[in-house]
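>>> Got a predicted model here, sequence first, then my questions.
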Amino acid sequence: FVAKNIARRLSVVGPDKAAATARAVNAELFQHIGEHPELAGMGSTVVGLATHNNKLAIVNVGDSRAYKVLDKSLALLSVDDAMTQNWKAGSGAQRSTVLLQCFGGRTTFTDIEPHVHKEPCVFGATYLLCCDGLYETLTEEEMHALVGEDLQASAEALLKAALDKKARDNVTVALVRILG
């Protein structure tokens, strides 16, 4: 519900309306929950990327992340909405986290403050979008080493590496390359 509605709308309205779009989708989610009480309390973190008129926007709420793949490293572009204590990325250790905001997740409407990163579209730039199941299990160096020219093969390699290291949470991976 959330990802589909954000992606569909951002591709039309563009980066400048990314935060308002995410807030509107959150309000609609709560309306949907009101019509389906069995969904009360269910929530989701989200990270998304959209381009429009040579502009790029990354939107996130919760602890799903976006990285830009650079020559020698990953650059974190998103902001975690979580409080974490004494935990190191890629350690495989269970992370003790308090999620500060997400889509839904409560029984009554709660507004969100989406984080939006904007930058111009650059031909050939590659972005890694993922949930905590990936970055809790693999280090940024391990993730970077698995991203190559073939994005499908890279996504499969990232997923396999996290599962081989016994990821403690679900693992979601998307790789995006900006093409002309």
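Received it, and whenever you're ready, just let me know what you need.
>>> so is the spatially most central residue of the chain in a helix, a strand, or just coil?
Nearest to the mean C-alpha position of the chain, by CA atoms, centre = their mean, lies V47 at 2.5 Å. Here V47 is recorded as strand under DSSP: H, G, I helix; E, B strand; the rest coil.
>>> which residues does it form a beta bridge with?
N60 (DSSP bridges).
>>> The residue nearest to N170 when sequence neighbours are not counted: what's it in contact with?
Distances taken as CB to CB, 6 or more residues apart in numbering put G133 closest to N170, at 4.9 Å, once the chain neighbours are dropped. All C-beta spots, glycine's among them, are computed from the backbone N, C-alpha and C. For G133, the contact set (CB atoms under 8 Å, 6 or more residues apart in numbering) comprises 162, 167-172.
>>> give me that answer again for 10 Å
64, 159, 162-163, 167-173 (CB atoms under 10 Å, 6 or more residues apart in numbering).
>>> Just among these, which is most surrounded?
Within the contacts of G133, most neighbours by other CB atoms under 10 Å means A162, with 28 neighbours.
>>> Test my guess that that one contacts Y135.
Yes - using CB atoms under 10 Å, A162 makes contact with Y135 at a distance of 9.0 Å.
>>> Can you report how many residues lie near the closest residue to G104 other than its chain neighbours?
Distances taken as CB to CB, 6+ apart put G43 closest to G104, at 4.0 Å, once the chain neighbours are dropped. Other residues within reach of G43, judged by other CB under 10 Å, total 20.
>>> so how far is T110 from G43?
G43 sits 10 Å away from T110, taking CB to CB, to the nearest Å as the criterion.
>>> residues shared between the contacts of the two?
Common neighbours of G43 and T110, using CB under 10 Å, 6+ apart, are 26, 101-104.
>>> So which of those sit within helices?
Among the shared contacts of G43 and T110, DSSP state H puts N26 in helices.
>>> Mind putting the shared contacts of G43 and T110 into TSV with distance to P120?
Output for the shared contacts of G43 and T110, formatted as TSV (distance: CB to CB, whole Å):
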residue	distance to P120
N26	28
Q101	28
C102	29
F103	28
G104	33
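>>> In strands only, show me the shared contacts of G43 and T110.
103-104 (DSSP state E).
>>> In CSV: the shared contacts of G43 and T110, plus neighbour count and distance to G34.
Formatted as CSV, the shared contacts of G43 and T110 follow (neighbours: other CB atoms under 10 Å; distance: CB to CB, whole Å):
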residue, neighbour count, distance to G34
N26, 26, 13
Q101, 19, 19
C102, 22, 17
F103, 25, 15
G104, 21, 11
